[in-house]
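*Asks:* following is a predicted model, sequence given first.
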2 protein chains.
Amino acid sequence: MAEVRWLSDAEQRAWRAYLEATMLLFDALDRQLQVESDMPHGYYEILVRLSEADGRALRMSELAATTRSSRSRLSHAVARLEDRGWVRRCVAEGDRRGQVATLTDLGFEVLAAAAPAHVRTVRAHVIDRLTPEQVAQLEAIGRAIADGLSEAT
Amino acid sequence: MAEVRWLSDAEQRAWRAYLEATMLLFDALDRQLQVESDMPHGYYEILVRLSEADGRALRMSELAATTRSSRSRLSHAVARLEDRGWVRRCVAEGDRRGQVATLTDLGFEVLAAAAPAHVRTVRAHVIDRLTPEQVAQLEAIGRAIADGLSEAT
DNA sequence: TCAGCATAGTTGAGCGCTCAATTATTTCCG
DNA sequence: CGGAAATAATTGAGCGCTCAACTATGCTGA
């Protein structure tokens, strides 16, 4: 094992600030969505991605890719969304292994009802607390980190 | 309900980049710690905070505050850490309602063994992918968000 | 052609977290 | 003082996620 390059003070402060912010933020987002719309943040993400897709439908694997979640996580989640009638699954044309998840009208309505309060929460805790420059910086930083983690194909 | 101020394109991109990065990152951190040190990231955080405290001990409520976790979460977590022999609990002097969690020698060793690989992971996925300026920006952004969420006393 | 491997997705056990309820102790103040 | 409220922490039910194992279908080449 090579030497460990510990974090400098500045790096440590940045890392901890990011961790702290993210922890508090994710808890807050989850709570807001849970209380006001009866769904965890992960479900909201799934509904959003489906709502943006052609025909409001996506293959399970595509949906897993865009939501950055494992196949297993998605399977469990979509199963529950289906129970609620927010999403419907059917076999994909041309590949009977595949499943296509489709957002139902009810699912779309639920999403439309949840979105305003969710966006307000994101604004209140993140966007509106940052300068436009910081918003741009956050995008660049996020991209740098995400790209590094994505390339692990 | 007031009008909704939806996110602009730039805001949307920043928010999604941050979400994506954080999702991938937290999954990666959790997996690394789980595989190499048999603990979730949350447990690591608890061990770190205890190791930095005077006498390697903290009141449950202080530990909850510094790790930004609920009392309930912490109770469950410390119960498991105690089962593993990494932490010990005893009643606080002067207030028999309180409990003091103390890092055991074994717990300290486990933390010391886990730390190098964890720090390498944080470097590889975050710090070393950012410029020093970006590290400073991340701290400022993190602080802005965390401060907003903390003030909800 | 068909065996072997790859791909798509599901399933169940086990764990950590949330919420609400609960226990135990201390503080406040009429 | 003594009862009510505040504080400290735990507990258990329920849910979402991970991992590993599994089913089912498609592809590929000797």
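*Replies:* Yes, it's here.
*Asks:* any bit of stretch A:143-152 sitting next to chain B?
*Replies:* Yes: Stretch A:143-152 lies within reach of chain B by C-beta under 8 Å from any C-beta of the partner chain, at A:143, A:144, A:145, A:146, A:148, A:149, A:150. C-beta here means a position set from N, CA and C on the backbone, and glycine is covered the same way.
*Asks:* longest helix in chain A, please.
*Replies:* In chain A, with assignment by DSSP state H, the single longest helix is helix A:9-37.
*Asks:* got the buried residues for that helix?
*Replies:* Using 16 or more other C-beta atoms under 10 Å in any protein chain shown as the burial criterion, the residues of helix A:9-37 that qualify are A:11, A:13-25, A:27-29, A:32-33, A:37.
*Asks:* which residues sit against stretch A:23-31?
*Replies:* Where contact means C-beta atoms under 8 Å, 6 or more residues apart in numbering or on different chains, the residues beyond stretch A:23-31 that reach it are A:40-41, A:118, A:121-122, A:125-126, B:22, B:68-69, B:145-146, B:149-150.
*Asks:* and the residues you listed near DNA strand C, which?
*Replies:* Among the contacts of stretch A:23-31, the ones lying close to DNA strand C by the criterion of C-beta under 7 Å from any atom of the strand are residue B:69.
*Asks:* going by distance to DNA strand D, which of the contacts of stretch A:23-31 wins?
*Replies:* Checking the contacts of stretch A:23-31 against DNA strand D with C-beta to the nearest atom of the strand, the nearest one is residue A:40 at 4.6 Å.
*Asks:* show the contacting residues for the closest one.
*Replies:* A:30, A:33, A:34.
*Asks:* low-confidence stretches in chain A?
*Replies:* Scanning chain A for pLDDT under 70 picks out the ranges A:1-2, A:152-153.
*Asks:* nearest residue to the residue positioned nearest the centre of chain A other than its sequence neighbours?
*Replies:* In chain A, the C-alpha closest to the average C-alpha coordinate belongs to residue A:45, at a distance of 4.4 Å (C-alpha atoms, centre = their mean). Nearest in space to residue A:45, with sequence neighbours left out and distances taken as C-beta to C-beta, 6 or more residues apart in numbering or on different chains, is residue A:67 at 5.2 Å.
*Asks:* wait, residue A:142 sits on residue B:21?
*Replies:* Yes: the pair residue A:142 / residue B:21 is scored as a contact, 4.2 Å apart, by C-beta atoms under 8 Å.
*Asks:* mind listing what's buried along the strand ranked longest in chain A?
*Replies:* Of all the segments assigned as strand in chain A under DSSP state E, the longest by residue count is strand A:95-103. In terms of neighbour count (16+ other C-beta under 10 Å), strand A:95-103 has its buried residues at A:99, A:100, A:101, A:103.
*Asks:* give me the sheet partners of it and which way each runs.
*Replies:* Sheet pairing of strand A:95-103 (DSSP bridges) gives strand A:57-59 (antiparallel), strand A:87-92 (antiparallel).
*Asks:* related to what we said a few turns ago, quick check: what element follows the longest helix of chain A along the chain?
*Replies:* In the C-terminal direction, the helix or strand that comes right after helix A:9-37 (DSSP states H and E) is helix A:41-52.
*Asks:* which strands and helices sit next to that next one?
*Replies:* For helix A:41-52, the contact count by 3 or more C-beta pairs under 8 Å, 6 or more residues apart in numbering or on different chains; DSSP states H and E identifies helix A:9-37, strand A:57-59, helix A:60-66, helix A:71-83, strand A:87-92, strand A:95-103, helix A:105-125 as packing neighbours.
*Asks:* dump the ones you listed to TSV, plus distance to residue B:84.
*Replies:* Listed next are those as TSV, based on distance: least, C-beta to C-beta, whole Å:
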stretch	distance to residue B:84
helix A:9-37	23
strand A:57-59	42
helix A:60-66	33
helix A:71-83	26
strand A:87-92	40
strand A:95-103	40
helix A:105-125	35
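*Asks:* go through these and name the closest to residue B:77.
*Replies:* helix A:9-37 (13.6 Å; C-beta to C-beta).
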